[in-house]
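> From the sequence below, what's the structure:
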Amino acid sequence: MFLHLNLRSRFFSLVALTAVGLAAQAESSELGVVTDVDANLTLNEIRYIYERAPKQIQNQASTDATVRYELIANAIASKRILKRLEEAGSNPDDLYIAFRFEVLAAARKFDERRFQRELEIPDLDSLVQERWRISKSEIAKVPEKRALSHILLLCSETCDESAKKAQLQDIRQRMIEGEAFSDLALEFSQDPGSRQRGGRLSRSIALSDENVDQTFRDTAFSLNSVGEMSDIVKSRFGFHIMRLEAIEPEREYTFEEVKQPLMDEIEKRYREDAYRDYVLSLGPTEALKIDQEAIDSIMGKLPVVEETPEPKE
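Coordinates of the predicted model:
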């Protein structure tokens with residue numbers, strides 16, 4: 001059963017659509033379930049359009065015939081646009097060539113997705129074991145980390161540094177006299193991320209963490225005991241007081257801890273290599289011919305490489 005749409009109409013019968021849906025279950029999903037003069041939509045195409053529509057549109061399409069119509073009308077219009085663009089190939093201009101290469105770029109992306117979906121991954125356990133055996137000293141080491149709290153007063157290039165340092169010195173003195181670090185952090189710290197946790201950073205840091213300010217790291221690792229508080233420290237963000245909360249000693253990962261990340265890394269590399277080899281297999285053959293004059297007219301002539309004579313014996 002086929003549903004014939006007049007695109008000038010603003011709605012179609014919900015009963016007719018239901019009948020089409022029932023009939024389509026018995027027909028091939030590649031038969032046109034929506035047909036027009038020069039554009040059809042298969043059941044698989046309808047499913048693709050519907051499943052990728054916003055959730056709100058999906059909900060509306062379940063009860064509103066007009067929404068269903070508009071989904072289908074847009075798809076029909078898109079098919080006609082594509083057909084017109086393809087027909088423009090008989091007299092290509094710059095816009096058409098740009099269109100074709102955008103299609104080619106999209107085709108490469110979709111082809112890689114198809115390739116990766118169909119690619120069979122071999123058993124990689126032996127490679128994971130070998131990677132662990134060879135690189136254990138590099139992979140297994142977990143450096144010492146420090147858990148910290150801090151109070152930050154932001155200071156830009158134009159701020160009064162003396163005033164910020166004096167304010168922070170007063171806060172530090174209040175902590176020395178017994179006020180809780182967490183209470184003062186909640187009251188004064190201008191780091192919104194840690195402030196609500198009483199100044200506690202969300203993760204421990206290692207001395208090698210390059211995404212953490214160098215001065216901040218150096219100060220963190222100069223503290224010797226849990227509970228020790230730093231002097232006032234300047235970073236690129238402003239001025240800090242830091243307190244050491246915990247020391248996580250250096251250790252080694254077990255194989256089980258790193259097995260899955262190693263498996264993921266090796267599979268990723270296998271997939272990349274497999275797709276690269278596949279693309280290379282589609283490259284030029286021995287029958288390739290190149291009109292060098294035509295290429296030179298666009299890119300310019302290649303420089304002449306003079307052969308160096310071999311020395312006489």
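> where along the protein do the strands fall?
3-4, 32-35, 40-42, 141-142, 145-154, 205-206, 233-234, 238-248, 251-252 (DSSP state E).
> between those strands, which one is nearest to Pro261?
strand 141-142 (13.1 Å; Cβ to Cβ). Just so you know, the C-beta spots here come from the backbone N, C-alpha and C atoms, and that holds for glycine as well.
> thinking in terms of the whole chain, how far from its middle is that closest one?
Distance, stretch centre to chain centre, for strand 141-142: 27 Å (Cα atoms, centre = their mean, to the nearest Å).
> Please enumerate residues in contact with that strand?
250-253 (Cβ atoms under 8 Å, 6 or more residues apart in numbering).
> Pairing partners for it, with directions?
Here strand 141-142 is paired, per DSSP bridges, with strand 251-252 (antiparallel).
> most neighbours per residue, which of the strands of the chain?
Stretch with highest mean neighbour count among those: strand 145-154 (a mean of 21; mean count of other Cβ atoms under 10 Å).
> In CSV, please show the C-alpha coordinates belonging to it.
Provided in CSV are the C-alpha atoms of strand 145-154 (Å, rounded to 0.1, in the frame of the first residue of the first chain):
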residue,chain,number,x,y,z
LYS,A,145,49.7,13.2,45.0
ARG,A,146,48.6,15.9,47.5
ALA,A,147,45.1,16.7,48.6
LEU,A,148,44.7,20.4,49.3
SER,A,149,42.4,23.1,50.5
HIS,A,150,43.0,26.8,49.7
ILE,A,151,41.6,30.2,50.0
LEU,A,152,42.0,32.4,46.9
LEU,A,153,41.7,36.1,46.6
LEU,A,154,41.6,37.0,42.9
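> Can you give me the buried ones in the helix ranked longest in the chain?
Criterion DSSP state H: the longest helix present in the chain is helix 255-281. Buried residues in helix 255-281, defined by neighbour count with 16 or more other Cβ atoms under 10 Å: 258, 262, 266-267.
> do the same with stretch 218-237
219-221, 223, 229-230, 232-235.
> show me where pLDDT drops low in this protein?
By pLDDT under 70, the weakly predicted segments of the chain are 1-31, 312-313.
> quick check: domain ranges of it?
By the assignment in automatic domain parsing, the chain contains the domains 3-91, 94-140+253-279, 144-252.
> Touching, Tyr270 and Glu120? I think so.
No - judged on Cβ atoms under 8 Å, Tyr270 makes no contact with Glu120 at a distance of 10.6 Å.
> Stretch 174-186: end-to-end distance?
14 Å (Cα to Cα, to the nearest Å).
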